[in-house]
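Peer 1: Output the structure for:
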Amino acid sequence: MFTVAALYHFNRFADLPGIRAPLSALCLEQGVKGTLLLAEEGINGTIAGTREGIDAVLSHIRALPGCSGLEWKESHASEMPFRKMKVRLKREIVTMGQPDVDPRARVGHYVQPEAWNALIQDPEVVVIDTRNDYEVAIGTFDGAIDPKTKSFSEFPNWWADHKDQFDGKKVAMFCTGGIRCEKSTNFLLGQGVQDVYHLKGGILKYLEHVPEDESTWNGECFVFDGRVSVGHGLREGSHRLCHACRRPIMPEDVKRPEFEVGVSCHHCIKETTDRDKVRFRERQKQIDLAKARGEQHL
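Peer 2: Coordinates of the predicted model:
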């Protein structure tokens, strides 16, 4: 059993290469895999490993200047959900493309998972799912609005197009682990919205703490690792991934005529050319050959 830790922390970092090198080396030493993003605004990512390995990496991050308040959410996976470890330097740890947005300055009101149901059932509250369309498609909260965005950077334009219909309402937002809401609530406050709320710890914390028989969540929650999705109690979900378009699909979807391993599914079969599909088939062939040799194709 592997421990999976999803984390983020907004903090001003100056020497990114100086932070990256020892962090990457420690993860390698401890056998921890996953992805960590470093930017001048902070750190974000999900990692997996043994209990001891995860504890070592989290302790290292918390020891960085300004990171003692790091929070993270833990779950478990029966198999290692990542192929390798990546520590990347980025412009933003979650890309919104709004240079004036700064969650360290102010954010919306945090709402604990146990109080979330009461808030979103208030008729004066508008509930917005800030995740991407393919994530929303496999699960969301009762009555939540789906902006149908393909990336988080589309959210500001969506808000500009729809804000008038939410005039005078309280706005409650949620995402997988909370990081997108840190930025989206700061953005809305900057747009003049008075009452902005967001789910503390995101969907993951809600599914961990709220009993299923009291839940207003429907479906499963997409996660960015080999498990693909999790459900109540953070149990591993039923979805798998189309390795052509990276969208979640159900086990029964592999029986559909549009599905070909590593090449297409019913979501993406019309989105790629025949030339693309030839390339995808060659890639899948190399993956299968590596697997037959007992190797891992990267």
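Peer 1: For this protein, give me the ranges with low pLDDT.
Peer 2: Residues of the chain meeting the criterion pLDDT under 70: 295-298.
Peer 1: which residues touch the residue nearest the centre of it?
Peer 2: Centroid-nearest residue in the chain, with Cα atoms, centre = their mean: Thr176, separated by 5.1 Å. When contacts are counted by Cβ atoms under 8 Å, 6 or more residues apart in numbering, Thr176 touches Ala6, Arg131, Glu135, Gly202, Ile203, Leu204, Cys221, Phe222, Val223. Backbone N, C-alpha and C define where each C-beta goes, glycine included.
Peer 1: likewise Leu16?
Peer 2: Each residue near Leu16 by Cβ under 8 Å, 6+ apart is listed here: Leu38, Ala39, Glu40, Leu89.
Peer 1: Could you tell me which of these belong to strands?
Peer 2: Leu38, Ala39, Leu89 (DSSP state E).
Peer 1: Just the buried ones from these?
Peer 2: Leu38, Ala39 (16 or more other Cβ atoms under 10 Å).
Peer 1: for stretch 202-215, which positions count as buried?
Peer 2: Buried-residue list, stretch 202-215, by 16+ other Cβ under 10 Å: Gly202, Ile203, Leu204, Lys205, Tyr206, Leu207, Glu208, Val210, Ser215.
Peer 1: Return the member of the residues you listed nearest to Glu79.
Peer 2: Minimum distance to Glu79 across the buried residues of stretch 202-215 is 19.1 Å, recorded for Leu204 (Cβ to Cβ).
Peer 1: residues contacting the closest residue to that closest one other than its chain neighbours?
Peer 2: Leaving out its chain neighbours, the residue that sits closest to Leu204 by Cβ to Cβ, 6 or more residues apart in numbering is Lys73, at 4.7 Å. If you count contacts by Cβ under 8 Å, 6+ apart, Lys73 has them with Ala5, Ala6, Leu7, Gly177, Gly201, Gly202, Leu204, Lys205, Glu208.
Peer 1: Kindly report the same for Lys200.
Peer 2: By Cβ under 8 Å, 6+ apart, the contact set of Lys200 is Tyr110, Val111, Gln112, Pro113, Gly178.
Peer 1: Helices of the stretch 51-200 of the chain, start to end?
Peer 2: With DSSP state H, counting those that start in this stretch as the criterion, the stretch 51-200 of the chain has helices at 51-62, 113-120, 133-136, 155-162, 179-190.
Peer 1: pull the CA atoms of the third one into PDB?
Peer 2: Yep, that's helix 133-136 we're talking about. These are the backbone C-alpha positions of helix 133-136, laid out as PDB (Å, rounded to 0.1, in the frame of the first residue of the first chain):
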ATOM      1  CA  ASP A 133     -15.000  19.800 -18.100                       C
ATOM      2  CA  TYR A 134     -13.600  16.200 -18.200                       C
ATOM      3  CA  GLU A 135     -13.300  16.300 -14.400                       C
ATOM      4  CA  VAL A 136     -16.800  17.600 -13.800                       C
END
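Peer 1: Residues in contact with it: which ones?
Peer 2: Asp129, Ala144, Asp146, Lys148, Thr149, Lys150, Thr176, Cys221, Phe222, Arg247, Pro248, His267.
Peer 1: Could you rerun that using 10 Å?
Peer 2: 129-130, 144-151, 154, 175-176, 203, 219, 221-224, 229, 242, 245-248, 267 (Cβ atoms under 10 Å, 6 or more residues apart in numbering).
Peer 1: Next, the contact list for His76, please.
Peer 2: The neighbours of His76, taking Cβ under 10 Å, 6+ apart as the test, are Met1, Phe2, Thr3, Val4, Ala48, Arg51, Arg227, Val230, Leu234, Arg235, Glu236.
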